[in-house]
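Quick one: sequence and predicted model below, then my questions.
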Protein chains: 2
Amino acid sequence: VSKYDIVKLIVPNFKPAKDVGTAFAPTNIALIKYWGKRNQELNLPMTSSLSISLADHGAHTAVSLSDADTIQLNGDVVDASSAFAKRLIQFLNLFRGPGVCFNIAIQSNVPIAAGLASSACGFASIVKALNDLYQWDLNAKSLSILARLGSGSACRSLWDGFVLWHAGVLDNGMDSYGEVLEEQWPDLRVGLLLIDTQEKSIGSRAAMQRTVDTSILYRAWPQKVSHDMPLLRQAISCKNFQIMGEIAESNALAMHATMLSASPSICYTTPETLMAMQKIWRLRAQGLSVYYTQDAGPNLKLLFLQKDHDTVIAEFNDAVIINPFSG
Amino acid sequence: VSKYDIVKLIVPNFKPAKDVGTAFAPTNIALIKYWGKRNQELNLPMTSSLSISLADHGAHTAVSLSDADTIQLNGDVVDASSAFAKRLIQFLNLFRGPGVCFNIAIQSNVPIAAGLASSACGFASIVKALNDLYQWDLNAKSLSILARLGSGSACRSLWDGFVLWHAGVLDNGMDSYGEVLEEQWPDLRVGLLLIDTQEKSIGSRAAMQRTVDTSILYRAWPQKVSHDMPLLRQAISCKNFQIMGEIAESNALAMHATMLSASPSICYTTPETLMAMQKIWRLRAQGLSVYYTQDAGPNLKLLFLQKDHDTVIAEFNDAVIINPFSG
């Protein structure tokens, strides 16, 4: 099964119905991580995952027809020979009729270096913009499947709030898509802690694959997710922040543990990351209800409640605070 | 099955044959870790492990009869109410006839704070000293089983060089003991890197148990050992230092990964530990063949060959260098 096969199953036509299609998609951070693929072509995951979208932090994308493929990111033309441009063009190839070229303009307000899944909101916003350009009128589930073909976690960026990505079991992945949870949690806050903005020594896709291929501890990762998922869903239902924080932090630690035991070992945690973790653990021991999650990079994302906003800001004055339910 | 049952199976009598029994046992560091028990009473391990003894770094112990139990460590009397004294007295209870008390004098040249398994050489030397006091004339295998009753890793401290601790399968643990490997490796060096000498926030016994009880990734630990063991034994046979180093480092990282994913998480690695790890990885990327292993503490043990002695010392000038085959 190829990506083209899936697009053919979902998309009715490639006839532009407007001059320009536009859309916004928020980025998301996973509380239960997407870590490991069962199918690399279709970005089908080993396990389900669960994320929170970051409201107005995301990507605005405009797609229009053009004489040649051009890509603009935050107003700057992107070099067509860059890895970023190549990946985008390859994705756009799935969605064009004969002789069609695109101009894509992406405005992202996600701090790129924050390890904040800029590809998630990027690919999700492109799919939504194409849906607008072609006036396909696809439902969110179909858009989610298409976005997944660009980047796995993009399939969780079609909604605000909590999103569950069902792993699915089908070979063609038609049962592997995001689903928004009905729960709202207006008091929940996410704090972005920028610790190191240097480029990572290994990208998250390569890290994921090396872990699946070489980390023996990874074999227990699906059991970890099976353990964490019902507890996190229950915590979200009951608004039990302590359990949510514990599960999210534990799940992130376990993901990094599978990387540490890959060969060669992958360690995104820097001494500065570890100092921030120790500070979080210390604050928690002192009674402050703050937790973190960490993706494939050295930066941390704090989780806390509005009532502790001032205390958290006082301790982490550089943190960028986001209210996921502000929309 | 209790410890007393095992002692009865092995020990012929409790009739002192001399005034004082004396013995030395080296400490050891595991290249494939002992991590997790299948029986807590008898210290029976989940998996086999493999260590290297540290030559003249260890404990000299003298045991004599006395009017009351007294313990001296490096010349100082140990408070009988301390955890250390209680554990020792409990162990000695296994080996005395009615009304018998002991005076135990331990001289240890192992840096206690180095996470250097001082209990391993301690219990091994006590068992050997009792064997001398009572003139049991037990073989090394029997001594190894008795030492294990005091501390699991003590069963590997009966020999110089490489020692394999067979996990065994029997409920009474009579097939769970150390065995010395015939291979010598005179060029091998161990460097002790003291990073933090503060007391650990959680002891290794408690950390091990919490990991077994709560870490889902621990479920894959036996597979990790099964993978690493034949590779390490082959590397020792062929004196392939690179493979030995890679396996030892990877095994230690995996052990710490199982702890990170325990609940609550256990993190012995400090920012300073991580800086030392990063330095080791950097030096290795530059061509220096140096690896590390890490036990349940923040300090690292370097592994390298004699030919790189000067370079390693230049980079880590505080390291205590040990030649395991100097005897």
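Great, that's in hand.

Check which strands are paired with the helix or strand containing A:Ala59 and give the direction for each one.
In this structure, A:Ala59 sits in strand A:49-66 according to DSSP states H and E. When pairing is defined by DSSP bridges, strand A:49-66 lines up against strand A:20-32 (antiparallel), strand A:101-108 (antiparallel), strand A:162-165 (antiparallel).

Restricting to C-alpha, output that strand in CSV.
As requested, C-alpha coordinates have been extracted for strand A:49-66 and formatted as CSV (Å, rounded to 0.1, in the frame of the first residue of the first chain):
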residue,chain,number,x,y,z
SER,A,49,-1.0,8.3,21.5
LEU,A,50,-2.7,11.2,23.1
SER,A,51,-1.9,14.9,22.7
ILE,A,52,-3.0,18.4,23.7
SER,A,53,-3.2,21.0,21.0
LEU,A,54,-1.6,24.4,21.7
ALA,A,55,-4.5,26.7,20.7
ASP,A,56,-3.2,29.6,18.5
HIS,A,57,0.3,28.3,18.4
GLY,A,58,0.5,26.6,15.0
ALA,A,59,0.7,27.3,11.3
HIS,A,60,-1.3,29.4,8.9
THR,A,61,-1.0,28.0,5.3
ALA,A,62,-2.1,29.4,2.0
VAL,A,63,-1.9,27.2,-1.1
SER,A,64,-2.4,28.5,-4.6
LEU,A,65,-1.6,27.3,-8.1
SER,A,66,1.6,28.5,-9.6
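
what bits of chain A have low per-residue confidence?
A:112-117 (pLDDT under 70).

How about the helix ranked longest in it and chain B, touching?
Ordering each helix of chain A by length in residues (DSSP state H) puts helix A:241-260 first. Yes: using Cβ under 8 Å from any Cβ of the partner chain, we find that helix A:241-260 touches chain B at A:246, A:249-250, A:253-254, A:256-258, A:260. The C-beta positions use only the backbone N, C-alpha and C, and glycine is treated the same way.

burial count for the residue nearest to A:Val20 when sequence neighbours are not counted?
Nearest residue to A:Val20 in three dimensions, chain neighbours excluded: A:Ser64, at 4.2 Å (Cβ to Cβ, 6 or more residues apart in numbering or on different chains). A:Ser64 is flanked by 18 other residues according to other Cβ atoms under 10 Å in any protein chain shown.

ditto for A:Val110
By other Cβ under 10 Å, 20 other residues sit near A:Val110.

Quick check: it touching A:His60?
No: between A:Val110 and A:His60 there is no contact under Cβ atoms under 8 Å: 11.1 Å.

Break down chain A into its strands, ranges please.
A:20-32, A:37-39, A:44-45, A:49-66, A:70-73, A:76-77, A:101-108, A:162-165, A:178-180, A:188-193, A:291-294, A:300-305, A:320-322 (DSSP state E).

Which stretch among those approaches B:Ser53 most closely?
Comparison of those against B:Ser53 by Cβ to Cβ identifies strand A:291-294 as nearest, at 38.6 Å.

Can you tell me what sits against the closest one?
A:29-31, A:193, A:244-246, A:248-249, A:251-253, A:256, A:268-269, A:273, A:276-277, A:280, A:284, A:300-304 (Cβ atoms under 8 Å, 6 or more residues apart in numbering or on different chains).

rerun at 6 Å
A:245, A:248-249, A:252, A:280, A:300-303 (Cβ atoms under 6 Å, 6 or more residues apart in numbering or on different chains).

before we move on, what about stretch A:191-205?
A:113-114, A:270, A:272-273, A:296-302, A:316, A:319-321.

Then stretch A:94-101?
A:3, A:7, A:14, A:66, A:68-69, A:130.
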